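> I'll drop the sequence and a predicted model, then ask my questions.
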Amino acid sequence: MPENLLTYSLTVFTGFFAIMNPIANTPVFLGLVGDRSNADKKAIAKTASVTAFLIVFFFVILGKYLFELFGITIPAFKITGGILLFYVGFEMLQSKKSKIHHQEEIELDDGVAISPLAIPILAGPGTIVTAMNNVTNASFIHIAIVIIIFALMTFLTYLAFSLSDLIVKKIGNHLITVVGKIMGLILAIMGTDMTIAGIKIAFGL
């Protein structure tokens, strides 16, 4: 049982890390905050991270009831979610900023922490799909693991954003691009796997 939980935890962490990708999103954060002071950057990073956590927490806790309310079946969710994740991953492999995660035109204002940082960059559809896919028909302990790991991911994102200047300076944009492509490949594979799982459930395979 502990080994199964460890495997499950690693799978959840990998999924969240691939879709949120704190390292690859660091240059995006810097582009959004502009020349603001370090104190302002940390405040924006904190607000964005906390907001993203609350959004995903809401869907994880109430996801089952939302399914029942709108008549969404688990196979339909897995197939659609898998296609969505594959699309995001495929765009990342092509070095494109996914339209699902990034707005084409962004206005820099005081609300940048909420939009587009928290939504849709951190807690976009891909993140929500990843979270809810891991808690469909899950036990209480599995739901708790998802929440804890996502809390860890939002904290790591906060650290990456807070240290964004240092990270970009030390790692460089080229290596950040490579990391983004690797995460894109992982996402595409996870999306394919999710779609296959949905088809198997739908047809009783």
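Received, thanks. Numbering: from 1, shown residues only.
> what are the buried residues along the helix or strand where Ile44 lies?
Applying DSSP states H and E as the criterion places Ile44 in helix 38-70. Judged by neighbour count using 16 or more other CB atoms under 10 Å, the buried positions of helix 38-70 are 41, 44-45, 47-49, 51-53, 55-57, 59-60, 63, 67. Backbone N, C-alpha and C define where each C-beta goes, glycine included.
> same question for stretch 136-146.
For stretch 136-146, the neighbour count (16+ other CB under 10 Å) marks Ala138, His142, Ile143, Ile145, Val146 as buried.
> among the buried residues of helix 38-70, which two are most distant?
Within the buried residues of helix 38-70, two members stand farthest from each other by CB to CB: Lys41 and Phe67, at 38.1 Å.
> any idea how far Phe29 is from Ile143?
As judged by CB to CB, to the nearest Å, Ile143 and Phe29 stand 29 Å apart.
> then Leu85?
If you measure Leu85 against Phe29 using CB to CB, the figure is 22 Å.
> farthest-separated two in the buried residues of stretch 136-146?
Ala138 and Ile145 (8.7 Å).
> looking at it, Tyr87 is touching Gly191, isn't it?
Yes. Judged on CB atoms under 8 Å, Tyr87 makes contact with Gly191 at a distance of 7.4 Å.
> quick check, nearest of the buried residues of helix 38-70 to Gly198?
Of all the buried residues of helix 38-70, Phe67 has the smallest distance to Gly198: 13.5 Å, by CB to CB.
> report the separation between the closest one and Ser49.
Relative to Ser49, Phe67 is positioned 27 Å away (CB to CB).
> please apply the same query to Phe58.
15 Å.
> quick one: distance of the helix holding Ile44 to the chain centre.
11 Å (CA atoms, centre = their mean, to the nearest Å).
> just stretch 13-28 next, same as before
Distance, centroid of stretch 13-28 to centroid of chain: 7 Å (CA atoms, centre = their mean).
> picking that back up, so between Tyr87 and Gly191, which is more surrounded?
Of the pair Tyr87 and Gly191, Gly191 is the one with more neighbours under other CB atoms under 10 Å, namely 23 against 17.
> buried residues in the host helix or strand of that one?
Secondary structure assigned from DSSP H and E places Gly191 in helix 173-203. Residues of helix 173-203 classed as buried by neighbour count (16+ other CB under 10 Å): 176, 180, 183-184, 186-188, 190-191, 194-195, 197-198, 201.
> how about Lys169, what does it touch?
Neighbour list for Lys169: empty [criterion: CB atoms under 8 Å, 6 or more residues apart in numbering].
> the more surrounded of Leu85 and Phe29?
Leu85 (29 against 24).
> can you name every helix or strand that the strand or helix carrying that one contacts?
Per DSSP H and E: Leu85 is located in helix 74-93. Packed against helix 74-93 by the contact rule (3 or more CB pairs under 8 Å, 6 or more residues apart in numbering; DSSP states H and E) you find helix 2-20, helix 125-133, helix 173-203.
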